[in-house]
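>>> I'll drop the sequence and a predicted model, then ask my questions.
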Amino acid sequence: MKLLIIGGTRFVGRHLVNSARAHGHEVTLFNRGKTNPGLFRRVKTIRGDREHDLDQLTAGWDAVIDTCGYVPRIVRLSAEALKEKVGRYIYISSVSVYASFKKIGINESEPVGKLDDESAEEITGETYGPLKALCEKTAQEIYGPRSLIIRPGLVVGPHDPTDRFTYWALRIAKGGDVLTPDNPSAMTQFIDARDLADFVVRLADNNVSGVFNAVNNPVTLNTVFETSRRISKSRAVFHWAPVDFLERHNVQPWSDMPAWLPETGDDAGVSHVDNSKAIGAGLAFTPLAQTIQDIYEWEPERPEGYEMKAGLKPEREKELLELLRVR
């Protein structure tokens, strides 16, 4: 199979390349060459901007995988330019498309978010999901049954640039007193980037169409933390901060306390997305311990002095732990 990957050198994209090549597929990349330009020296790469240089894509491919489409206008440009050159359009979306997470067990048929102004292109916390939904709609309008939409949740593992899961593995490995959110039974849900990549390549290989939630089975935060502690052999001590304490001290879910949102109100089902359709189509999961171990093995590759993109700064965590003690 011949695959064209838009992007292909950052996190999910690089894992897609690795998976496709491991399965014997021929890969071509189309990107600007700004992120890890020398990563895949033996993979054919076409340099260009997807907004202005689509005329460079002259060959034919069995499928294109769009890893970095955030605005429907841009997705439309590439989808229309490639319509006669690729067999299928695979769009990597997000579970953030759903209009509400009040329901436990959201499946692929649930309503997606909408924008009052569908021409808006500014990406914010409020517009990200609806814009992704419009990108999905664009791909489906142009390709119909030749489209495949993948909705991953939080994507984790080696080479994650967001640190929303990596923070916990590395923080716990350092040991000492660790501020943890809510309670040990609080849930989280994610997907190892390599499992996501293998799933996408499997579906492409089998000419599967439709929409799929690509998420792991929910696990408790305590399971993640205890696994990190065991693998790193640290002596970390977890201090569970109630939701009201975190709110009172302006500790933000998902950013200060990554991979976690309070399971109440509009977010009640955010860590309970239904993955049964994807599992039925072949989605398989790397054991949690392996994901965490691989993060530990990858981390030394990052630059010295690297600053985490998520989680609490040490001084802020120390301050909050003291406040929690005297609460």
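That came through, no problem.

>>> contact partners for the nearest residue to Y143 once chain neighbours are set aside?
In this structure, Y143 finds its nearest non-sequential neighbour in Y89, 4.4 Å apart by Cβ to Cβ, 6 or more residues apart in numbering. To be clear about C-beta, it is placed using only N, CA and C from the backbone, and glycine gets the same treatment. With contacts defined as Cβ atoms under 8 Å, 6 or more residues apart in numbering, Y89 is in contact with A63, V64, D66, A79, L82, A139, I142, Y143, R146, S147, L148.

>>> if we use 6 Å, what do you get?
Going by Cβ atoms under 6 Å, 6 or more residues apart in numbering, Y89 touches V64, A79, A139, Y143, S147.

>>> secondary structure, pLDDT and neighbour count added to those, as a markdown table?
Shown next, in a markdown table, are those (DSSP: H, G, I helix; E, B strand; the rest coil; pLDDT from 0 to 100; neighbours: other Cβ atoms under 10 Å):
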| residue | secondary structure | pLDDT | neighbour count |
| --- | --- | --- | --- |
| V64 | strand | 98 | 26 |
| A79 | helix | 97 | 24 |
| A139 | helix | 98 | 25 |
| Y143 | helix | 98 | 21 |
| S147 | strand | 98 | 21 |
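
>>> quick revisit: so which strand or helix has the residue nearest to Y143?
With elements delineated by DSSP states H and E, Y89 resides in strand 86-92, which encompasses its position.

>>> cool, and A20?
Secondary structure here is read from DSSP H and E; on that basis A20 sits in helix 12-22.

>>> what's in contact with that helix?
With contacts defined as Cβ under 6 Å, 6+ apart, helix 12-22 is touched by 3, 5, 7-8, 27, 40, 65, 67, 193-194, 197-198, 201.

>>> dump these into JSON lines; add distance to E126, pLDDT and neighbour count as well.
As requested, these are exported to JSON lines (distance: Cβ to Cβ, whole Å; pLDDT from 0 to 100; neighbours: other Cβ atoms under 10 Å):
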{"residue": "L3", "distance to E126": "34", "pLDDT": "98", "neighbour count": "27"}
{"residue": "I5", "distance to E126": "29", "pLDDT": "98", "neighbour count": "28"}
{"residue": "G7", "distance to E126": "25", "pLDDT": "96", "neighbour count": "23"}
{"residue": "G8", "distance to E126": "29", "pLDDT": "96", "neighbour count": "28"}
{"residue": "V27", "distance to E126": "35", "pLDDT": "98", "neighbour count": "23"}
{"residue": "F40", "distance to E126": "35", "pLDDT": "96", "neighbour count": "19"}
{"residue": "I65", "distance to E126": "27", "pLDDT": "98", "neighbour count": "29"}
{"residue": "T67", "distance to E126": "23", "pLDDT": "97", "neighbour count": "24"}
{"residue": "A193", "distance to E126": "26", "pLDDT": "98", "neighbour count": "25"}
{"residue": "R194", "distance to E126": "31", "pLDDT": "98", "neighbour count": "22"}
{"residue": "A197", "distance to E126": "29", "pLDDT": "98", "neighbour count": "27"}
{"residue": "D198", "distance to E126": "32", "pLDDT": "98", "neighbour count": "22"}
{"residue": "V201", "distance to E126": "33", "pLDDT": "98", "neighbour count": "25"}
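
>>> now, those that are in strands?
Cross-referencing those with the strands (criterion: DSSP state E) gives L3, I5, V27, I65 as the overlap.

>>> per-residue pLDDT, the closest residue to L323 other than its chain neighbours?
Counting by Cβ to Cβ, 6+ apart, H249 is the residue found nearest to L323 once chain neighbours are left out, at 6.4 Å. Per-residue confidence for H249 comes out at a pLDDT of 98.
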